[in-house]
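In: Just a sequence and a predicted model for now, questions to come.
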Amino acid sequence: MARKGKVLIDRDMCKGCYLCVRACPVKVLEADTNPNSTGTYPSSAAHIEKCIACGNCYQVCPDVCIEVYELEGDEA
């Protein structure tokens, strides 16, 4: 069974570098269409159902504004 995950992004800390978008192997993340409090368009978990909790986005984020959780079978 494939792993399922959940990605949380702190919108106000995200500076919109999109390194996480490029690092995601299953295309969970994309640029948000709404700006954050600083006027930046942050990354967004647009396709959360695809997340495999690989942690690539967390590892490449220079501002540590991403959290990744692996979900148990009944949470998915």
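Out: Done, it's in.
In: Just the buried positions in stretch 16-23, please.
Out: 18, 19, 20, 21, 23 (16 or more other C-beta atoms under 10 Å). In short, each C-beta sits where N, CA and C put it, glycine included.
In: Report pLDDT for the last one.
Out: The predicted local confidence for residue 23 comes out at a pLDDT of 98.
In: what's the residue nearest to residue 34 when sequence neighbours are not counted in contact with, if anything?
Out: Nearest residue to residue 34 in three dimensions, chain neighbours excluded: residue 41, at 7.5 Å (C-beta to C-beta, 6 or more residues apart in numbering). Going by C-beta atoms under 8 Å, 6 or more residues apart in numbering, residue 41 touches 16, 31, 32, 33, 34, 35.
In: Pull out the buried members of those.
Out: Of the contacts of residue 41, these count as buried by 16+ other C-beta under 10 Å: residue 32.
In: Between the contacts of residue 41, which sits nearest residue 61?
Out: Nearest to residue 61 among the contacts of residue 41, counting by C-beta to C-beta, is residue 16 at 11.6 Å.
In: Correct me if wrong: that closest one contacts residue 31.
Out: Yes. Assessed by C-beta atoms under 8 Å, residue 16 is found in contact with residue 31 at 7.0 Å.
In: and for the two, which residues touch both?
Out: By C-beta under 8 Å, 6+ apart, the residues touching both residue 16 and residue 31 are 41, 42, 43.
In: mind exporting stretch 22-34 as CSV, just the C-alpha atoms?
Out: Output of stretch 22-34 as CSV, limited to C-alpha atoms (Å, rounded to 0.1, in the frame of the first residue of the first chain):
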residue,chain,number,x,y,z
ARG,A,22,10.0,21.7,-8.1
ALA,A,23,11.1,19.1,-5.5
CYS,A,24,7.7,17.3,-5.3
PRO,A,25,7.8,14.1,-7.3
VAL,A,26,4.0,13.7,-7.4
LYS,A,27,3.1,17.4,-8.0
VAL,A,28,1.2,18.1,-4.8
LEU,A,29,2.4,21.7,-4.5
GLU,A,30,1.8,24.7,-6.7
ALA,A,31,1.9,28.5,-6.4
ASP,A,32,-1.1,29.9,-4.6
THR,A,33,-3.4,32.4,-6.4
ASN,A,34,-3.9,34.5,-3.2
